[in-house]
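Student: 3D model of this:
(2 chains)
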There are 2 protein chains.
Amino acid sequence: MTDSRTIEPALGRARFLADSARVDSAAIAPLPGSRKVYVEGWRPDVRVPMREIRQSPTTTHGEHEENPPLLVYDTSGPYTDPDANIDIRRGLPDLRRRWIDERDDTEFLDGPTSEYGRRRADDPRLAELRFELKRTPRRARAGCNVTQLHYARQGIVTPEMAFIAIRENQRRQALGSDEVERILGHQHPGQGFGARLPEDITPEFVRREVAEGRAIIPANINHPESEPMIIGRNFLVKINGNLGNSAVTSSIEEEVDKMTWGIRWGADTIMDLSTGRNIHETREWIIRNAPVPIGTVPLYQALEKVDGAAERLSWEIFRDTLIEQAEQGVDYFTIHAGVRLHHVPMTANRTTGIVSRGGSIMAKWCLAHHEESFLYTHFEEICEIMKAYDVSFSLGDGLRPGSIADANDEAQFAELETLGELTRVAWRHDVQVMIEGPGHVPMHLIRENMDRQLECCDEAPFYTLGPLTTDIAPGHDHITSGIGAAMIGWYGCAMLCYVTPKEHLGLPNRDDVKTGIITYKIAAHAADLAKGHPGAQRRDNALSKARFEFRWEDQFNLGLDPDTARAYHDETLPKDSAKVAHFCSMCGPKFCSMKISQEVRDRFGQTSQRVEEERRAGLREQAERFNAEGGQLYQEI
Amino acid sequence: MTDSRTIEPALGRARFLADSARVDSAAIAPLPGSRKVYVEGWRPDVRVPMREIRQSPTTTHGEHEENPPLLVYDTSGPYTDPDANIDIRRGLPDLRRRWIDERDDTEFLDGPTSEYGRRRADDPRLAELRFELKRTPRRARAGCNVTQLHYARQGIVTPEMAFIAIRENQRRQALGSDEVERILGHQHPGQGFGARLPEDITPEFVRREVAEGRAIIPANINHPESEPMIIGRNFLVKINGNLGNSAVTSSIEEEVDKMTWGIRWGADTIMDLSTGRNIHETREWIIRNAPVPIGTVPLYQALEKVDGAAERLSWEIFRDTLIEQAEQGVDYFTIHAGVRLHHVPMTANRTTGIVSRGGSIMAKWCLAHHEESFLYTHFEEICEIMKAYDVSFSLGDGLRPGSIADANDEAQFAELETLGELTRVAWRHDVQVMIEGPGHVPMHLIRENMDRQLECCDEAPFYTLGPLTTDIAPGHDHITSGIGAAMIGWYGCAMLCYVTPKEHLGLPNRDDVKTGIITYKIAAHAADLAKGHPGAQRRDNALSKARFEFRWEDQFNLGLDPDTARAYHDETLPKDSAKVAHFCSMCGPKFCSMKISQEVRDRFGQTSQRVEEERRAGLREQAERFNAEGGQLYQEI
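Tutor: Down below sits the predicted model:
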């Protein structure tokens, strides 16, 4: 279909030209106090990137005590590696290529096999927009199944699984003195609601979690640039950031920038939810430059192809879109196959109807045709496509509640039942599955969502949008949902889809993307702590120790957002001398509790010990008296 | 003590002059779509302010259906009443004066009775700073006890209690059509963990809650300007906002502005935590102009009086400070009487020591003197002072954990035990008590805090700071703590002390104050919803209905922060025409799920009904077949 809009520039912005595309400089600036390190293991070409945060020594008591560097999980890819030569026109190194080659179960095609993919590749007017890809797509050889789930069930530990094991362990080591380790190594035992969180994650553990469907490794054979990661309740809680243009705004360059910006701040996966122009080309630029898995909702592009007329969708158009996107390297597809014809009337009396774009589109199609959803009826054919490229399912929650009133209603759970049924179909094909979830849910109804999903879907990973715990704060829905996300992460949710301050109001800009990501990193980490994820508390301990010792730079650098922390501090105390000050502007030098606290320890340490001895002596004396009087707690009347 | 600093202007800002003091214009602008209403009841001079938010009619289907206005709890005082004549030099009307007069158990003194109060009043150099108060302080007549708790235990329902009953009910009425009420009136049954939440709150219910110590009404007889409110787990969850200068920054004018700004956005009480200059004068301006209860930490001013040398504190200086502040009208005092000598060594091995300013000051005093805390030893004398003015205790959590590692440790709970003991002493004097709480607590340890406090302190109201659920996000601690605050509010916490983005980093500015308050309103409301507080869900329902019907202005106006919601929307779709658009820039016209959802209802309503009939027929058929086959669920093998 010709579409003259595709070559016109996005509203009011400079035209995007492939030749002059540049990476966003803000995204490649080194993070403060940090350097990229690579942890090798299992075999020489398994090199796992982590971020090492340096600390200055402790000198509060005149001594000089080293504080070991902290290693943290790092989603930012080569962008924060000063040794990497970033050129987004070439894309990232294809680090998984050899692993895929070795498996010898794929072949390179002559070119895109989708009709739409071929048409776009041949259109000369797109040349100046197009990413110049120098290879053709891969696909499984005939009779082969190339999913990580398939390998796992054969008992095979892939390099991806070994990479993940190293990555999830975060190289926790006691590197400091005993006293330092006493503080850094402290961890409250958690409450994991049945999660299995081993002290040390092995490649075999990863394999088993995948084999049993409790975790997925989204890693399309056509996305060899991705650094492997895992989504599952027995691993670190993950977060997803969304980007994507709409008909109203945004450009290819902005979307690539959002991706590099988002992973800098911690997005574990990125979904490209574009609904505007040049969706295909935009996606190519993103995937070629993404070190994290990329998800999409193929239905959006299918709808674009029928000019927004949902009734004109068809299995054929959808099928072609799946292949087009799989051959580009999309790692997971959101597919709303749970919105069945007979579910739609269940939403008739809802306060906010159907809030999922995909869900509303499919609902319209079903009713317009008075037929069962083609996504449902053709589900096994979808599986055949997915397994040829290793695209994972994200089974969409098209009927999720979009308001507190609609939470946990009949429509929502009817769809969940169907998603459970479809999970089992997908697993028959060894296609990886995760299940999407709500939405808007008041706090006391969140646990039920988690428990039902675990049961319905046989522990397939859960991937929720929040949930928002109240509707009354548009403009602040990253917070209303951050509360619900932290809680459902604690209860067992494997990945949390972020929400930005712009939710319900408009398309997010870069600041919104960062705010959403920081909020969801908070939620995920709070969940890890509550679950008792081994080693999760190290970072909290390191930061608090730095805070208590007035190592301001360390405090900033150890946090999720060093730039903001530093800027806020400097708003009222900008001079460098303030960075060694034993107070800040909140309380000033006389009232700083940490300063006084340190003094108490320094000046009155001996008195304190004496008081403690007196107390214990008093307790011992009480005990002796008690025993001397016969040791009875209660007296006879 | 002479202090030449007190007459110098604050750093770099225009000098504050009483004569030209003006209210902050941003704080008195009307809130959009709103008007102040007064609900009368019980007697003519009980007039409870509420905010009425207008809505436009629903016209999505060509019909014209009225949407009734929504009444919401309103903390903003006369400032948002265009009929009120605001002059901060005169202060607010003393609305409670007659009620206090009628009780005939107080007398006006000749002037301040504290030594410090008299000295400040006589100092000519303070004239241009000073609020010109035209009355002298009140105090209880000899032999009288003037606390709301005392009246409640006599079986007396005061006008304050009646006011509160009206206020807490929020005038919930079904004002629209049945269909509209079906949506607005929906409420999920809650999980209140033993909270008692009657459908209709009566003055007698208020009296009983106060009499039994489960709630407090902070209402100093010297703060007649305050609009009565209640803090207790069986009422709406409340929030507190902090203000106050420090030695490093801020001025009287800024602090008054923060107060009027804070209550505009929803702060139920305000604490003045000033530690800088002119604490006494700053406080007078605040209280005279505050329609909400004001809390302080008298120890801060006492420390100022000894130039920051904690060892030089004494009971006498502290006692004088209590009287000085009580006679100004402070409604509640944070008093760290739970930090006992033998508790201090328990903090020796903590990661962040003692993070409470008051706690660290008292710890230092105890060890410096090797003596029991004078706050503890003189506690009954403190009660004698409190009951003469009706100042409530906020028993301070001086040993709260300031890091995840220190959560729920021995020091924290030892102090809690002492606070329980002191609660019972205070109650013997009929002095009202609430208990302060943490701090930094991972999610899975929050419930224990609530349960222990209920038990230790005989259900006295709990008032926590957060808690922060992780340490790793300085710059975003309103969010790390908003999560914990929502949860502990759900579990039974009565009031949540806000945390701003500047926590740990510096003194908050106006934007930070607003962000902190909105975050905590979210947490409190999420808690109300989860508890099943009657009528709490009305606002969520009204907003979601407006959202679904594309009544954009209504959606903004019904939210906690209309300005931000509108601004975010307008960032990408600024034209007025966009306010009736059935989409926003997030998805654009083709992809808006709500638009499609509405279409589905409009165009396919009949098909939808037919599908539902088919489904039910199918189910009936299944049931008939089942019964025809003998009605057995399992077959014999």
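Student: Output stretch A:152-162 as PDB, restricted to C-alpha atoms.
Tutor: Written as PDB, here are the backbone C-alpha positions of stretch A:152-162 (Å, rounded to 0.1, in the frame of the first residue of the first chain):
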ATOM      1  CA  ALA A 152      16.100 -26.300  28.200                       C
ATOM      2  CA  ARG A 153      13.700 -29.200  27.900                       C
ATOM      3  CA  GLN A 154      16.300 -31.100  26.000                       C
ATOM      4  CA  GLY A 155      18.500 -30.600  29.000                       C
ATOM      5  CA  ILE A 156      20.800 -28.200  27.200                       C
ATOM      6  CA  VAL A 157      22.400 -25.400  29.000                       C
ATOM      7  CA  THR A 158      22.900 -22.700  26.400                       C
ATOM      8  CA  PRO A 159      25.500 -19.900  26.600                       C
ATOM      9  CA  GLU A 160      22.600 -17.500  27.100                       C
ATOM     10  CA  MET A 161      21.700 -19.400  30.200                       C
ATOM     11  CA  ALA A 162      25.200 -19.300  31.500                       C
END
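Student: State the pLDDT value of the closest residue to A:Phe591 other than its chain neighbours.
Tutor: Nearest residue to A:Phe591, sequence neighbours excluded (C-beta to C-beta, 6 or more residues apart in numbering or on different chains): B:Thr275, at 4.6 Å. Every residue, glycine included, has its C-beta placed from N, CA and C. pLDDT, B:Thr275: 82.
Student: which ones are touching the closest residue in space to A:Asp94 that isn't next to it in sequence?
Tutor: Leaving aside its chain neighbours, A:Asp94 sits nearest to A:Pro224 (3.7 Å; criterion: C-beta to C-beta, 6+ apart). Going by C-beta atoms under 8 Å, 6 or more residues apart in numbering or on different chains, A:Pro224 touches A:94-97, A:100, A:329.
Student: Same question for A:Ala567.
Tutor: B:Gly475.
Student: Tell me the backbone dihedrals of it, please.
Tutor: Torsion angles at A:Ala567 (phi, psi; degrees, to the nearest 10) stand at phi -60, psi -40.
Student: Equivalent analysis for A:Leu395, please.
Tutor: phi -70, psi 110.
Student: Quick one: residues contacting it.
Tutor: A:334-335, A:337-338, A:419, A:422-423, A:433-436.
Student: what does A:Thr147 give?
Tutor: Contacts for A:Thr147 (C-beta under 8 Å, 6+ apart) come out as A:386-387, A:390, A:392, A:430-432.
Student: one more time with 6 Å, if that's ok
Tutor: The contact partners of A:Thr147, by C-beta atoms under 6 Å, 6 or more residues apart in numbering or on different chains, come to A:387, A:390, A:430, A:432.
Student: which SSE is the residue lying closest to the third one once chain neighbours are set aside in?
Tutor: I take that to be A:Asp430. Take A:Asp430 and drop its neighbours on the chain: the residue closest to it by C-beta to C-beta, 6+ apart is A:His150, 4.0 Å away. Assigned by DSSP states H and E, A:His150 falls within helix A:148-153.
Student: What is that helix packed up against?
Tutor: With contacts taken as 3 or more C-beta pairs under 6 Å, 6 or more residues apart in numbering or on different chains; DSSP states H and E, helix A:148-153 sits against helix A:203-211.
Student: Identify each buried residue in the helix it packs on, please.
Tutor: Judged by neighbour count (16 or more other C-beta atoms under 10 Å in any protein chain shown), helix A:203-211 contains these buried residues: A:203, A:205-211.
Student: Quick one: residues in contact with it.
Tutor: Under the contact criterion C-beta under 6 Å, 6+ apart, helix A:203-211 has outside partners A:148-149, A:152-153, A:157, A:161-162, A:164-165, A:215, A:232, A:234.
Student: Please give the element, helix or strand, for the residue nearest the centre of chain A.
Tutor: Compute the mean C-alpha point of chain A, and by C-alpha atoms, centre = their mean the closest residue is A:Ile239, 2.0 Å away. Using DSSP H and E, A:Ile239 sits in strand A:238-243.
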